[in-house]
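Asks: coords please:
(one chain, ligands or ions: 1)
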Amino acid sequence: MSILRLLPANAQISGQVFFKDVNLLALPEKQMRAYRWRELAIVFQGAMNALNPVMRVGEQIREAILLHGLMPMREADLRVGELLELVGIPRERGGQYPFQYSGGMRQRAMIAMALACSPSILFADEPTTALDVMVQAQVLELLKEIQQRLGLAIVLVTHDLGVVAETCDSVVVMYGGKVAEYGPVDVIFNDPQHPYTQKLLESFPDLNEPTTGPGHSLASIPGTPPRLTELPPGCRFEPRCHLRIEKCKTQSPPLLQVGEQHFAACHLLAFPDKPHE
Ligand code: SF4
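Replies: Presented below is the predicted three-dimensional model:
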């Protein structure tokens, strides 16, 4: 929401967001509109219910194409068919209403709509929430396929570590609105450096791991995440961190390079010569 500048007017965003050398946060709203949907598209959380119930699915996708003035009506109709087929929906079903679709199909239709303007980056916010496990797997498979076929980047926002392990190349672990750790997926899963990432992974069941497999209770992190309006002054994870030291209370840890393309923000990892902003 921050990257696409879709937050409410009273929200504050710090830092910069660069897309192809342009700082999106510094653009006037009118110019920003040229990036939304055409370059940066999003499939919202709960998107399955975001379709207009009284409009045929194909028309809704066509509307998105026409609204951005990408092509005349006739070509747009052909494009709708292509997009539906791309996400595995027969093009003739574009004439149906959302209630005639299953949950998985509605999610696919939303993905088709997000792809209408051939974006460079697709943000998918919890795209499989509320879908059953089989349909979840199909939607994730579809996203992977689309990513490879169209060569776009997908930013998947999820709480599900299994989805991350299955689908992603790189992971950014966020805590309290800040980056806790960032790196290639295999590095994060096999050699996590931040205490939060370590705990997060311990709380995830692993059938091959004797301490987290069947018959064992899962680890949990005591406490609750901070409210974004009442953040702790130092490290945001400090109130819940089992490894905290004195300065964690007052000083926010910088993001440090801890390996090749691997970064983490924790005072325990301080290598003062390698700060990374
Ligand atoms: S900076 Fe301190 S509180 Fe934060 S994760 Fe590291 S050890 Fe824990």
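
Asks: Run through the stretch 51-200 of the chain and note the low-pLDDT ranges.
Replies: The stretch 51-200 of the chain contains no residues with pLDDT under 70.

Asks: just the residues of it that are near the ligand, which are they?
Replies: residue 195 (Cβ under 6 Å from any ligand atom). Glycine gets a C-beta too; all of them are placed from N, C-alpha and C.

Asks: ranges for the strands of the stretch 51-200 of the chain?
Replies: Counting by DSSP state E, counting those that start in this stretch, one finds strands in the stretch 51-200 of the chain at the ranges 121-125, 153-157, 170-175, 178-184.

Asks: Check which strands are paired with the last one and give the direction for each one.
Replies: For strand 178-184, sheet partners with direction are given as strand 170-175 (antiparallel), strand 262-264 (antiparallel), following DSSP bridges.

Asks: most packed of those strands?
Replies: strand 262-264 (a mean of 22; mean count of other Cβ atoms under 10 Å).

Asks: quick one: it near the ligand?
Replies: No - Strand 262-264 lies out of reach of the ligand by Cβ under 6 Å from any ligand atom, never closer than 8.6 Å.

Asks: ok, so what distance separates residue 203 from the ligand?
Replies: Look at residue 203 and the ligand: by Cβ to the nearest ligand atom, to the nearest Å, they are 16 Å apart.

Asks: Break the protein down into its domains, please.
Replies: Following automatic domain parsing, one finds the domains of the chain at 37-168, 187-277.

Asks: deepest of those, which one?
Replies: domain 37-168 (a mean of 17).

Asks: So what's the gap between that domain and the chain middle?
Replies: Here the centre of domain 37-168 is set off from its chain's centre by 14 Å, with Cα atoms, centre = their mean, to the nearest Å.

Asks: ends of that domain, how far apart?
Replies: One end of domain 37-168 to the other measures 22 Å (Cα to Cα, to the nearest Å).

Asks: can you give me the helices for the chain?
Replies: 29-35, 57-67, 73-86, 103-114, 133-150, 161-167, 185-190, 195-202 (DSSP state H).

Asks: thinking again about what came up before, JSON lines for the strands paired with strand 178-184, including distance to residue 33?
Replies: Supplementary listing: those in JSON lines, determined by distance: least, Cβ to Cβ, whole Å:
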{"stretch": "strand 170-175", "distance to residue 33": "26"}
{"stretch": "strand 262-264", "distance to residue 33": "33"}
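
Asks: re earlier: would you turn the helices of the chain into TSV with distance to residue 41?
Replies: Listed next are the helices of the chain as TSV, based on distance: least, Cβ to Cβ, whole Å:
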stretch	distance to residue 41
helix 29-35	10
helix 57-67	9
helix 73-86	12
helix 103-114	4
helix 133-150	11
helix 161-167	18
helix 185-190	23
helix 195-202	28
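
Asks: With respect to residue 50, which of the ones you listed lies nearest?
Replies: helix 103-114 (6.4 Å; Cβ to Cβ).

Asks: who's in contact with the closest one?
Replies: 37, 41-44, 47-51, 57, 60-61, 64, 83-84, 86-89, 93, 98, 101, 122, 124, 127-128, 130-132, 135, 138-139, 142-143, 146 (Cβ atoms under 8 Å, 6 or more residues apart in numbering).

Asks: Just give the nearest non-adjacent residue to residue 161, would you?
Replies: residue 204 (4.8 Å; Cβ to Cβ, 6 or more residues apart in numbering).

Asks: ditto for residue 193
Replies: residue 264 (4.2 Å).

Asks: gap between that neighbour and residue 135?
Replies: Separation of residue 264 from residue 135 (Cβ to Cβ, to the nearest Å): 35 Å.

Asks: Same question for residue 166.
Replies: 15 Å.

Asks: For the stretch 51-200 of the chain, which residue gets nearest to the ligand?
Replies: The ligand sits closest to residue 195 of the stretch 51-200 of the chain, with a gap of 4.4 Å, by Cβ to the nearest ligand atom.

Asks: That residue against residue 236, yeah?
Replies: No - using Cβ atoms under 8 Å, residue 195 is not in contact with residue 236; the gap is 11.9 Å.

Asks: what residues do these two have in common as contacts?
Replies: By Cβ under 8 Å, 6+ apart, no residue touches both residue 195 and residue 236.

Asks: isn't residue 95 right up against residue 61?
Replies: No - contact criterion Cβ under 8 Å: residue 95 and residue 61 do not qualify, at 11.7 Å.
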